[in-house]
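1. The following comprises the amino acid sequence and a computationally predicted model.
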Amino acid sequence: MSTEHKSIEGLRILVVEDEALTAEAIGEYLRRAGCQVLATVDTARAAIEVAVSSRPDLILMDVRLKGGMDGIQAAEIIHQHLAAPVVYLTAHADHGTLQRAKASSAYGYVLKPFHSERLLVAMDLAIDRFRLEQRLEENRLTYATVLNSISDGVIATDVNGRVRFMNSVAERLTGWTIAEAQGRPAGIVLRFADAHDQPSYQHPIAHVLSTRETARLDRDERVISRHGALASVEGAVAPVVDDLERLVGTAITLHDVTDLRKADSDLKSMAERLRAVVDTAVDGVLLVNTAGTVLVFNPACEGLFGYKPSEVVGRSIEALLPSPLSDDFGHSLRIGPVLDSTLGGPMSRATNGRCKDGAVFPAEVTIGKASFAGETVFAIVVRDVSERKQLEAALLDATAHEQRRFGADIHDGLGQHLLGLELLITALARSAHGAHLPNAEDLDRAAGVARHAIQACQSIARGLAPVSEEQGGLIVGLRDLVGHLREVPGPDIKFAAVQQAELGLSPSTTDHLYRIAQEALSNAVRHANANSINVTLDIEPTSVRLEVCDDGQGLALLDMNALGLGLRTMRYRAAIMGARFMIATNDPVGTCIVCECPQAA
């Protein structure tokens with residue numbers, strides 16, 4: 001077989017021919033060319049049946065067949081069931097027959113009588129064309145599937161700017177289906193809006209076709225659909241050039257950014273509202289990063305600290321909130337897990353603020369953790385509580401004063417009356433015993449009741465004012481506190497006082513220090529699982545230092561919810577009297593509560 005017709009070798013051929021001699025000759029040609037003849041039939045109905053059942057690679061179809069149906073009609077029915085190229089064989093070359101053959105998608109047309117070479121050439125051309133069309137169709141379907149699967153709208157136009165293709169996203173954006181838009185000018189299908197939301201008369205396609213330069217569509221570009229809906233888009237209109245550098249059309253990509261623009265607008269609006277809230281807040285608001293650097297400094301902070309924002313933003317928070325907050329907060333900022341455990345939610349605590357002129361004021365801060373632009377930040381709300389602290393200190397002083405007065409009244413008033421009553425009853429009982437009166441024993445019992453009442457009054461007086469001068473002061477009060485706790489089963493508790501100077505604390509400060517020791521001991525006994533607790537009072541000329549140290553399980557293992565109120569109370573009392581309050585790890589195990597306050601001037 002000649003190599004000129006290699007493409008038809010091995011093809012499975014259906015021959016439809018009503019002239020027996022011609023059919024036999026065609027079969028012989030095909031076999032010599034290396035083809036397989038599936039069948040030779042002479043009617044349209046037989047051709048349809050064999051084609052549908054055998055699915056040939058190519059059909060040689062005579063136009064004029066026996067019966068009421070010709071070959072062109074048979075080919076049309078066959079095409080409804082399978083894709084196979086048809087080459088028509090006919091002795092009739094009239095215009096009508098040719099037009100009907102073209103309309104039925106003929107792949108070749110051979111006039112009888114014909115030479116075998118002409119038939120093979122027609123078959124060769126038909127099978128090449130068919131395979132090319134199949135590849136083109138596969139490519140078209142592949143590209144159409146891909147383009148319909150992406151999230152961007154895609155429109156392709158020809159060199160005259162008429163729509164050739166649109167994917168489903170482009171259909172949604174424009175309101176046109178591909179069937180409706182195909183062949184229409186792109187300026188009608190794809191309409192851009194002007195500043196007044198009206199169709200713009202300027203269209204980038206004409207510019208791209210004339211200049212061969214890509215036109216970018218920024219996020220402010222809007223498309224008006226066929227039904228009047230507006231959509232914000234970004235993308236490009238690009239020229240399409242073939243391998244010979246010929247302009248064959250344009251490709252338009254449209255990315256719907258309506259939701260993004262709305263989100264940007266909502267975010268901007270929210271940011272403006274939050275900025276308005278921050279700028280008009282009565283309390284100072286700071287935004288700090290994990291390095292402790294100030295990022296935001298609102299107007300209220302200017303009034304609190306005396307700095308301008310330009311003097312603070314970019315500097316460390318320690319310039320504004322010194323110890324004790326900087327110790328805890330700064331350390332926590334550098335150690336993420338510690339901060340996370342401390343800031344499971346917003347954390348509030350008392351500290352001191354430092355002004356530009358060096359003045360220090362009592363402050364209450366609330367610290368909240370957040371994520372901003374992928375970065376962990378901390379929002380700190382600062383409130384000046386100077387006036388509140390003064391009122392609270394005055395209230396506590398008044399309460400302590402009333403407690404001391406009430407204790408003194410019980411001790412010196414009711415206690416003395418009860419003592420007189422006890423002496424009187426004792427004297428009456430002695431006289432009754434001397435006279436052998438029957439009520440002598442009743443008087444003894446009455447005297448005992450009076451003595452118990454006196455002891456109760458003394459206990460109540462000590463409880464109301466445990467560190468008053470009448471009760472012996474702070475050292476005696478702490479020693480009695482430790483002594484009472486040692487009477488019940490529990491850890492071994494020891495007290496030591498190192499007195500290098502006279503105790504010069506005010507009555508209210510003395511009471512606060514005692515209450516801190518009382519709370520610290522209570523927490524250690526109940527929660528630390530300690531074997532021993534040491535209470536130390538170190539009295540120096542300039543300061544008084546109280547330490548309550550245990551050898552228990554340490555703060556890391558303690559129930560912080562159980563200790564929360566107690567710790568806040570101790571911190572609060574320390575802040576009231578201007579003392580330094582610390583919680584440290586005891587060496588090698590356990591916890592130390594330390595409170596150091598200045599001596600009165």
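-> In hand now; what should we look at?
2. Now for residue 592: which residues touch it?
-> Each residue near residue 592 by C-beta atoms under 8 Å, 6 or more residues apart in numbering is listed here: 547, 548, 549, 550, 582, 583, 584, 585, 586. C-beta here means a position set from N, CA and C on the backbone, and glycine is covered the same way.
3. So which of these is the closest to residue 132?
-> residue 585 (83.7 Å; C-beta to C-beta).
4. My read is that residue 30 contacts residue 38, right?
-> No: using C-beta atoms under 8 Å, residue 30 makes no contact with residue 38, being 10.3 Å away.
5. who's more crowded, those two?
-> residue 30 (22 against 19; other C-beta atoms under 10 Å).
6. Using just helix, strand and coil, how would you label the more buried one?
-> Assigned by DSSP: H, G, I helix; E, B strand; the rest coil, the conformation of residue 30 is helix.
7. Which residues are in contact with it?
-> 13, 15, 36, 37.
8. 6 Å instead, please
-> 13, 37 (C-beta atoms under 6 Å, 6 or more residues apart in numbering).
9. all helices of the stretch 101-250 of the chain, in order?
-> 116-149, 168-174, 178-181, 186-189, 204-211 (DSSP state H, counting those that start in this stretch).
10. Can you flag the weakest of the ones you listed by average pLDDT?
-> Lowest mean pLDDT of the helices of the stretch 101-250 of the chain: helix 116-149, a mean of 77.
11. C-terminal to the lowest-mean-pLDDT helix or strand in the chain, what's the next element?
-> One helix or strand of the chain scores below all others by mean pLDDT, DSSP states H and E: helix 336-342, with a mean of 38. Toward the C-terminus, helix 336-342 is succeeded by strand 347-354 as the next helix or strand (DSSP states H and E).
12. so how far is residue 445 from the residue lying farthest from the centre of the chain?
-> In the chain, the residue that sits farthest from the middle, by C-alpha atoms, centre = their mean, is residue 435; the gap is 93.9 Å. Per C-beta to C-beta, to the nearest Å, residue 435 is found 18 Å from residue 445.
13. Show me which of the contacts of residue 592 has the smallest pLDDT value.
-> Scoring the contacts of residue 592 by pLDDT puts residue 586 last, at 70.
14. before we move on, the earlier item: please identify which of the helices of the stretch 101-250 of the chain is closest to residue 460.
-> Of the helices of the stretch 101-250 of the chain, the one closest to residue 460 (C-beta to C-beta) turns out to be helix 168-174, at 84.4 Å.
15. sorry, back to before: can you say which of the helices of the stretch 101-250 of the chain is nearest to residue 19?
-> helix 116-149 (14.4 Å).
16. Excluding sequence neighbours, find me the nearest residue to the residue nearest to the spatial centre of the chain.
-> Nearest to the mean C-alpha position of the chain, by C-alpha atoms, centre = their mean, lies residue 371 at 7.8 Å. Counting by C-beta to C-beta, 6 or more residues apart in numbering, residue 377 is the residue found nearest to residue 371 once chain neighbours are left out, at 7.3 Å.
17. Within its sheet, name the partner strands of the helix or strand harbouring that neighbour and how each one runs.
-> Element membership for residue 377, per DSSP H and E: strand 375-384. When pairs are called by DSSP bridges, strand 375-384 turns out to pair with strand 284-289 (antiparallel), strand 360-372 (antiparallel).
18. quick check, distance from the longest one to the centre of its chain.
-> The chain centre lies 22 Å from the centre of strand 360-372; the measure is C-alpha atoms, centre = their mean, to the nearest Å.
19. for it, what is the average pLDDT?
-> 84.
20. Which of the strands paired with strand 375-384 has the highest mean neighbour count?
-> strand 284-289 (a mean of 20; mean count of other C-beta atoms under 10 Å).
21. in its sheet, what does the helix or strand following that one sit against?
-> Going down the chain from strand 284-289, the next helix or strand is strand 294-297, by DSSP H and E. Using DSSP bridges, strand 294-297 pairs in its sheet with strand 284-289 (antiparallel).
22. can I get the CA coordinates of the strand it pairs with in CSV?
-> Extracted in CSV, the C-alpha atoms of strand 284-289 (Å, rounded to 0.1, in the frame of the first residue of the first chain):
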residue,chain,number,x,y,z
GLY,A,284,-6.7,56.5,78.4
VAL,A,285,-6.4,53.8,75.6
LEU,A,286,-3.1,52.3,74.5
LEU,A,287,-2.3,49.7,71.9
VAL,A,288,0.9,47.9,72.5
ASN,A,289,2.7,45.1,70.6
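23. chain center to it: distance?
-> 21 Å.
24. Specify the angle between that strand and strand 347-354 in degrees.
-> 100 degrees (axes from the mean of the first three to the mean of the last three C-alpha atoms, to 10 degrees).
25. contacting residues around strand 284-289?
-> Residues from elsewhere that reach strand 284-289 (C-beta under 6 Å, 6+ apart): 278, 294-296, 298, 300-301, 304, 317, 377-382.
26. now do stretch 64-84
-> 18, 42-44, 47-48, 51-52, 55-56, 59, 61-63, 86, 100, 104.
27. go again using 8 Å as the cut-off
-> The contact list for stretch 64-84 (C-beta under 8 Å, 6+ apart) reads 16, 18, 42-45, 47-48, 51-52, 55-59, 61-63, 86, 88, 90-92, 97, 100-101, 104-106, 130, 134.
28. List the buried residues of that stretch.
-> Of all the residues in stretch 64-84, those buried under the rule 16 or more other C-beta atoms under 10 Å are 65, 69, 70, 71, 72, 73, 74, 75, 78, 84.
29. Name the nearest of the residues you listed relative to residue 167.
-> When the buried residues of stretch 64-84 are compared for distance to residue 167 (C-beta to C-beta), residue 84 wins out at 30.8 Å.
30. before we move on, back to that, and the residue farthest from the centre of the chain, what pLDDT?
-> The predicted local confidence for residue 435 is 82.
31. Torsion angles phi and psi at it?
-> For residue 435, the backbone dihedrals (degrees, to the nearest 10) come out as phi -90, psi 0.
32. Let me see the contact set for it.
-> Counting by C-beta under 8 Å, 6+ apart, residue 435 has no contacts.
33. Against residue 424, how distant is it?
-> Residue 435 is 17 Å from residue 424, by C-beta to C-beta.
34. quick one on the thing from earlier: list residues touching both of residue 30 and residue 38?
-> residue 13.
35. about what we covered before: neighbours around the residue nearest to residue 371, how many?
-> Neighbour count for residue 377, taken as other C-beta under 10 Å: 18.
36. cool, and residue 320?
-> 26.
37. ok, it - contacts?
-> Here residue 320 is in contact with 286, 294, 301, 305, 307, 312, 353, 354, 382 (C-beta under 8 Å, 6+ apart).
38. what is the last one paired to in the beta sheet?
-> Using DSSP bridges, the beta-bridge partners of residue 382 come out as residue 284, residue 365.
39. Which residues outside stretch 170-179 are in contact with it?
-> 153-155, 163, 165-166, 181, 184, 189-191, 223, 225-227, 229, 231, 233, 252, 254, 256.
40. Do me a favour and get the end-to-end distance for that stretch?
-> Stretch 170-179 has an end-to-end distance of 13 Å (C-alpha to C-alpha, to the nearest Å).
41. Kindly report the same for stretch 376-390.
-> From its first residue to its last, stretch 376-390 covers 36 Å (C-alpha to C-alpha).
42. For that stretch, list every residue counted as buried.
-> Buried-residue list, stretch 376-390, by 16+ other C-beta under 10 Å: 377, 378, 379, 380, 381, 382, 383, 384, 385, 389.
43. quick one: it to chain centroid distance?
-> 27 Å.
44. again with stretch 419-432
-> Computed by C-alpha atoms, centre = their mean, the chain-centroid distance of stretch 419-432 equals 81 Å.
45. again with stretch 65-75
-> On C-alpha atoms, centre = their mean, the centre of stretch 65-75 falls 71 Å from that of its chain.
46. List every C-alpha atom in it, with coordinates, as PDB.
-> What follows is stretch 65-75, C-alpha atoms only, in PDB (Å, rounded to 0.1, in the frame of the first residue of the first chain):
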ATOM      1  CA  LEU A  65     -30.400   4.300  -2.700                       C
ATOM      2  CA  LYS A  66     -33.100   1.800  -3.000                       C
ATOM      3  CA  GLY A  67     -36.300   2.500  -1.000                       C
ATOM      4  CA  GLY A  68     -37.900   5.800   0.000                       C
ATOM      5  CA  MET A  69     -34.900   7.300   1.900                       C
ATOM      6  CA  ASP A  70     -31.800   8.500   0.200                       C
ATOM      7  CA  GLY A  71     -28.200   8.500   1.600                       C
ATOM      8  CA  ILE A  72     -28.200  12.100   2.800                       C
ATOM      9  CA  GLN A  73     -31.300  11.400   4.900                       C
ATOM     10  CA  ALA A  74     -29.700   8.300   6.300                       C
ATOM     11  CA  ALA A  75     -26.500  10.200   7.100                       C
END
